[in-house]
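>>> here you go, sequence then predicted model.
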Amino acid sequence: MEEANSLSEILSKDLNKLSKAELTEMRRNGLIQQRDPKFFICRLSIPAGVITAEQLEIICKLANEYGNGQVHLSTRQGIQIPGVPYERLSEIQEKLKENGTPTWGCGPTIRNIIACPGYPECKYANISTRKLVYRIKDFIDKRKLGYNLKGKFKIAIAGCPNSCANVYSNDIGIIGVVKPRVKEEICNGCKVCVAICKEKAINIVDEKAVIDFEKCVCCGDCIRLCPFDAIEPEKEGLTIFLGGKQGRHPSLAKKVMEFADEEMVLSIIEGAVKIFEKEGLADGVRKERFGALIERLGFDEIKSLIYGEEDDR
């Protein structure tokens, strides 16, 4: 409520009298000033990039009524309405809230959480990415995480190690994984699993499938495709990565934990965001990304700050 009141006060002012801090607050709430400063982009919060056909129809109507008649599909599975005059921002914001597609997510805040289609749409998926996104978004909103960041913070979720959501280039990346186990009493050494394993992690020894877990990425293909159901899940969970980014100087995220449950994912997200709030650096133009913070403090130090040195995970 405080954030909404603050934004409401800002939008009641003369555009020419807004401070840099007030424009930053508008950006954080998804109202982005265009090159022509009289007009703004409304960036919508679309977790996992999923909305109903009815919501999409209303967005199109609002783009015609308030914007320039166009919508932009962002790289983070979001929707933007450009060309909205400053004096009409309050009105379109209320209509977007009523539509269940409020503005959010630019500037120093947690950006729109992206995800691949996940289960049950994708045959390779090990998890329902959409459900996990909604749970994380609800957790973030209830805890009011990311309100005091000095820079952007991005989260991505993939249903399997194919990583269609580019989890390795986000501040926090999450992948659904499943560890296979061969049921030797059923396995007859048919070699189907050997043929389909993209990692070449399975061999036949004494007419039984043997999995090399130094190569296995826990994608679950062998479980799904074994014609005799001779391979079953031994363990399921989420692999978590930290510190990836794109931009001018891209870097890949590093693995912090395997086979975590959803509660641990929420805990790590909260810990990482709070560390970034406290330790992240900004000097006006330059804003340190979470990956740079990890490099500066050290990966082991970040892990210990998130869940304690005594935890041997």
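Okay, I see it. Residues are numbered from 1 along each chain as shown.
>>> just the helices in this structure please.
With DSSP state H, the ranges of helices along the chain come out as 2-11, 20-28, 53-66, 89-98, 129-143, 192-196, 221-225, 262-279, 290-297, 299-307.
>>> and these as JSON lines, adding distance to Glu232 and mean neighbour count?
In this view, the C-beta of every residue, glycine as well, is placed from N, C-alpha and C. Compiled in JSON lines, those are given as follows (distance: least, CB to CB, whole Å; neighbours: other CB atoms under 10 Å):
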{"stretch": "helix 2-11", "distance to Glu232": "48", "mean neighbour count": "14"}
{"stretch": "helix 20-28", "distance to Glu232": "47", "mean neighbour count": "16"}
{"stretch": "helix 53-66", "distance to Glu232": "39", "mean neighbour count": "15"}
{"stretch": "helix 89-98", "distance to Glu232": "46", "mean neighbour count": "16"}
{"stretch": "helix 129-143", "distance to Glu232": "23", "mean neighbour count": "18"}
{"stretch": "helix 192-196", "distance to Glu232": "12", "mean neighbour count": "16"}
{"stretch": "helix 221-225", "distance to Glu232": "6", "mean neighbour count": "19"}
{"stretch": "helix 262-279", "distance to Glu232": "22", "mean neighbour count": "18"}
{"stretch": "helix 290-297", "distance to Glu232": "37", "mean neighbour count": "19"}
{"stretch": "helix 299-307", "distance to Glu232": "30", "mean neighbour count": "16"}
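>>> output those as a markdown table; include the columns distance to Gly107.
Formatted as a markdown table, the entries for these read as follows, by distance: least, CB to CB, whole Å:
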| stretch | distance to Gly107 |
| --- | --- |
| helix 2-11 | 12 |
| helix 20-28 | 3 |
| helix 53-66 | 21 |
| helix 89-98 | 15 |
| helix 129-143 | 16 |
| helix 192-196 | 45 |
| helix 221-225 | 41 |
| helix 262-279 | 14 |
| helix 290-297 | 15 |
| helix 299-307 | 24 |
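>>> low-scoring stretches of the stretch 201-313 of the chain, by residue?
Low-confidence regions of the stretch 201-313 of the chain, defined by pLDDT under 70, span residues 284, 308-313.
>>> let's go with 50 and repeat that
Regions of the stretch 201-313 of the chain meeting the criterion pLDDT under 50 cover residues 309-313.
>>> tell me the domain ranges of the chain?
With automatic domain parsing as the criterion, the domains of the chain are listed as 2-98, 114-176+238-307, 180-233.
>>> distance between the ends of stretch 254-266?
Across stretch 254-266, the terminal residues are separated by 18 Å (CA to CA, to the nearest Å).
>>> contact partners of it?
For stretch 254-266, contacts defined as CB atoms under 8 Å, 6 or more residues apart in numbering pick out 132, 135-136, 139, 174, 177, 179, 235-243, 268, 294, 299, 303, 306, 313.
>>> tell me the contacts of the nearest residue to Ile58 once chain neighbours are set aside?
When the adjacent residues along the chain are set aside, Ile58 lies closest to Asn99, with 4.8 Å between them (CB to CB, 6 or more residues apart in numbering). Shown in contact with Asn99 (CB under 8 Å, 6+ apart): Gln55, Ile58, Ile59, Leu62.
>>> now the strands for the stretch 151-300 of the chain?
155-158, 172-182, 202-205, 208-211, 231-242, 254-260 (DSSP state E, counting those that start in this stretch).
>>> just name the most buried of the ones you listed.
Ranked by mean neighbour count, these are led by strand 155-158 with a mean of 28 (mean count of other CB atoms under 10 Å).
>>> correct me, but Gly244 touches Gly291?
Yes. Counting by CB atoms under 8 Å, Gly244 sits close enough to Gly291 to count as a contact (6.3 Å).
>>> okay, and the common contacts of these two?
Between them, Gly244 and Gly291 share these contacting residues under CB under 8 Å, 6+ apart: Asp171, Ser251, Ala253.
>>> so what pLDDT did the first one get?
The reference is to Asp171. On pLDDT, Asp171 comes in at 97.
>>> so who does the closest residue to it other than its chain neighbours touch?
Across the structure, with CB to CB, 6+ apart as the measure, the residue nearest Asp171 apart from its sequence neighbours is Phe290 (4.3 Å). Applying CB under 8 Å, 6+ apart, we find Phe290 in contact with Gly151, Phe153, Asp171, Leu242, Gly243, Lys245, Ala272, Phe276, Gly280.
>>> quick one: the second one from Asp14, how far?
Which is Phe153. Phe153 sits at a distance of 32 Å from Asp14 (criterion: CB to CB, to the nearest Å).
>>> these two: which has the busier surroundings?
Phe153 (23 against 8; other CB atoms under 10 Å).
>>> ok, now which ones touch that one?
Phe153 makes contact with Thr109, Ile110, Arg111, Gly146, Asp171, Ile172, Val273, Phe276, Phe290 under the criterion CB under 8 Å, 6+ apart.
>>> which two among these are spaced furthest apart?
Using CB to CB, the contacts of Phe153 reach their maximum pairwise distance at Thr109 and Ile172, which is 14.2 Å.
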